[in-house]
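Engineer: Sequence plus predicted model, see below.
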Amino acid sequence: MNYLLLLSTADNMIGPLYSGDLTKTNSALNFANKLIEFDPTILPDNIRDTAIDANEIFTALSENREEISNFIKEGVLTIEKTRTAIKAEEANELAPGSSLNDQIADIKDSSQNTIYALAGLSALLLLLILIIIFRVLNARKNDSFNAARQNKKNEEAIMEMLNAMMKLSEGDLTVQAKVSDNITGTLADSFNVSVEELRALVAAVNASSDNLSTSVTNTTEFVDNYTEAALSQANQISEAADTVSHVVQAMLDVSAQTSAAVDIAMSSTEVARSGSERVRSTITGMDQIREHIQETSKRIKRLGESSQEIGDVVELINDIADQTHILALNAAIQASVAGEAGKGFAVVADEVQRLAERTGNATQRVEDLVKTIQTDTNEAIFAMEKSTSEVVNGANLAERAGESLNEIESVSGRLAALIQSVSQASREVSELGSKVKSSMDSVKEISEESVNNTKTTKSSIDHILTLANELKSSVAGFKID
């Protein structure tokens, strides 16, 4: 009855281990403790010793189970987070990330396989204890001599098996149990297969850890280079944004200046148009002045001709005065010859003589005035002719000035249109520059965000490297060659 209770307890405690649940190693430990505390009247000393050894093995396994389970859970969680960050943030830039993800997946699978292998090994050890109990109990029913000999043989085989298990518990994965036809033959064969698989698994974990460390190191170098390049790019983008800002401001200044130049050009065109109209008015006025001067010159010429006629008349009067003077002298001579009878005639002769003298003096004065008028008239005619020539030259100059002003007006109009086009182009360039600056600012923000994300990725990769080193250290105690 006690044996059935023991077997039932063993089945309840180790059953979950066959499903690969490592958390149930405490059940195996409790079972080993129950074997130690079991009634010594039905449990031999060698079984109790085996239970004590099993207790030590499962105690170490339980302690390692907590450490390994917590470590692997943390590592897998961190790896998954980093893997997601790498895929989301650096899928295009970090090309080595694909190999890093493969290594992370390998480590994750290897860690899970390690859990299952250790769980299976625990179940195997417990099964060994049950077999030992069952065999020993059955051996007691056999012949005492055969039972003693068989028990001794079984004990030797069990001790060899326990020694192999002790070496395994110490981390020696090179251990091989002796396979024979005795009680532990099948168990030894299964043990060797499990140890071989565990050795291969630990070797795979070591190799994966090394590959992961190498990949993480390479990725770290790549991330460092990328970070440096991204920082340099961010600085260049910042400088370019500042340059574009200066260019935009310069174009705004040019646009303002060209607008002022357009106003000046329009004013110049208006001034040139007004000047051209005034020149045309001046030409018209000078033509009128020339006509007036020509008309005045004609009149002065006629005045000169009239003064010449006056001179002829004065000369005639002067001749008449001379003749009158001669006649007055003759009359005076005749009056003196006549005596008293000629006194009255002598008075008349004197008056005529004085009149002739006065007429001579007057004609002389008129002659002098006529000569002066003729001289002034000739000078006026010469001045008029010279003025007419100057007026004609001035009219020609004014006409050429008008043509120049017309050309200035035309050029000013074209210049104003050109400046207007330049001003419009400057405004368009300014608007385009503002859009470019806005785009550069957006690119700058994206570049800075990329740098920050790269730094975060590097921190995650450094953490992965630490986890890989810790994982490698956790399996470093196993001897595989």
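Structural biologist: Alright, I've got the coordinates.

Engineer: for the strand or helix carrying residue 326, packing partners?
Structural biologist: For residue 326, the host element (DSSP states H and E) is helix 185-338. Judged by 3 or more C-beta pairs under 8 Å, 6 or more residues apart in numbering; DSSP states H and E, the packing partners of helix 185-338 are helix 97-139, helix 144-169, helix 343-474. For the C-beta atoms, the positions are set from N, CA and C on the backbone; glycine is no exception.

Engineer: Quick check: mean pLDDT of that helix?
Structural biologist: Averaged across helix 185-338, pLDDT comes to 77.

Engineer: That one to helix 343-474, inter-axis angle?
Structural biologist: Using axes from the mean of the first three to the mean of the last three C-alpha atoms, to 10 degrees, one finds that helix 185-338 and helix 343-474 are set 170 degrees apart in direction.

Engineer: the inter-axis angle of helix 185-338 versus helix 144-169?
Structural biologist: Using the same axes, to 10 degrees: helix 185-338 against helix 144-169 is 10 degrees.

Engineer: Now do residue 344, the pLDDT please.
Structural biologist: pLDDT, read off for residue 344, is 72.

Engineer: What's the local residue count around it?
Structural biologist: By other C-beta atoms under 10 Å, 11 other residues sit near residue 344.

Engineer: and what of the one 10 residues further on?
Structural biologist: As a burial measure, residue 354 scores 12 neighbours (other C-beta under 10 Å).

Engineer: how close does it get to residue 330?
Structural biologist: 16 Å (C-beta to C-beta, to the nearest Å).

Engineer: before we move on, what about residue 471?
Structural biologist: For residue 471 relative to residue 330 (C-beta to C-beta), the value is 174 Å.

Engineer: buried ones in stretch 366-373?
Structural biologist: Burial within stretch 366-373, assessed by neighbour count using 16 or more other C-beta atoms under 10 Å, is assigned to 366, 367, 370, 373.

Engineer: surely residue 182 meets residue 154?
Structural biologist: Yes: using C-beta atoms under 8 Å, residue 182 makes contact with residue 154 at a distance of 6.7 Å.

Engineer: which one of residue 471 and residue 330 has more residues nearby?
Structural biologist: Higher neighbour count among residue 471 and residue 330: residue 471, with 24 against 11, using other C-beta under 10 Å.

Engineer: for the buried residues of stretch 366-373, which one is nearest residue 254?
Structural biologist: Among the buried residues of stretch 366-373, residue 373 lies closest to residue 254 (C-beta to C-beta), at 73.0 Å.

Engineer: How about that closest one: what's its closest non-neighbour residue?
Structural biologist: Nearest-residue entry for residue 373: residue 307, 4.6 Å, with adjacent residues in sequence omitted and distances by C-beta to C-beta, 6 or more residues apart in numbering.

Engineer: That neighbour - how many residues pack around it?
Structural biologist: Neighbours of residue 307 under the rule other C-beta under 10 Å: 21.

Engineer: again, but for residue 238
Structural biologist: When neighbours are counted by other C-beta under 10 Å, residue 238 comes out with 15.

Engineer: residues touching it, list them.
Structural biologist: The contact partners of residue 238, by C-beta atoms under 8 Å, 6 or more residues apart in numbering, come to residue 444.

Engineer: now it: how far from residue 247?
Structural biologist: 15 Å.

Engineer: domain assignment for the chain?
Structural biologist: 2-241+459-474, 251-450 (automatic domain parsing).

Engineer: isn't residue 206 right up against residue 472?
Structural biologist: Yes: with contact defined as C-beta under 8 Å, residue 206 reaches residue 472; the gap is 6.4 Å.

Engineer: Can you give me the buried ones in stretch 410-420?
Structural biologist: For stretch 410-420, by 16+ other C-beta under 10 Å, it's 412, 413, 415, 416, 419, 420.

Engineer: which outside residues touch it?
Structural biologist: Contacts of stretch 410-420 (C-beta under 8 Å, 6+ apart): 258, 261, 262, 265, 266, 268, 269, 272.

Engineer: 10 Å - rerun?
Structural biologist: 257-273, 405, 408 (C-beta atoms under 10 Å, 6 or more residues apart in numbering).

Engineer: how many neighbours does residue 331 have?
Structural biologist: Other residues close to residue 331 by other C-beta under 10 Å number 18.

Engineer: I'd guessed it sits against residue 346; true?
Structural biologist: Yes: in this structure residue 331 lies within contact range of residue 346 using C-beta atoms under 10 Å: 7.6 Å.

Engineer: The residue nearest to residue 373 is in contact with residue 369, isn't it?
Structural biologist: Yes: with contact taken as C-beta under 10 Å, residue 307 and residue 369 are classed as touching, separated by 8.9 Å.

Engineer: what residues are shared contacts of these two?
Structural biologist: Common neighbours of residue 307 and residue 369 (C-beta under 10 Å, 6+ apart) are residue 314.

Engineer: Buried ones only from the contacts of stretch 410-420, please, as a PyMOL command.
Structural biologist: Buried subset of the contacts of stretch 410-420, written as a PyMOL selection, criterion 16+ other C-beta under 10 Å:
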select buried, resi 258+259+261+262+265+266+268+269+272+273+405+408
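
Engineer: circling back: tell me the most buried of the helices and strands packed on helix 185-338?
Structural biologist: helix 97-139 (a mean of 19; mean count of other C-beta atoms under 10 Å).

Engineer: What residues does residue 307 make contact with?
Structural biologist: 314, 369, 370, 371, 372, 373, 374, 375, 376, 377, 378.
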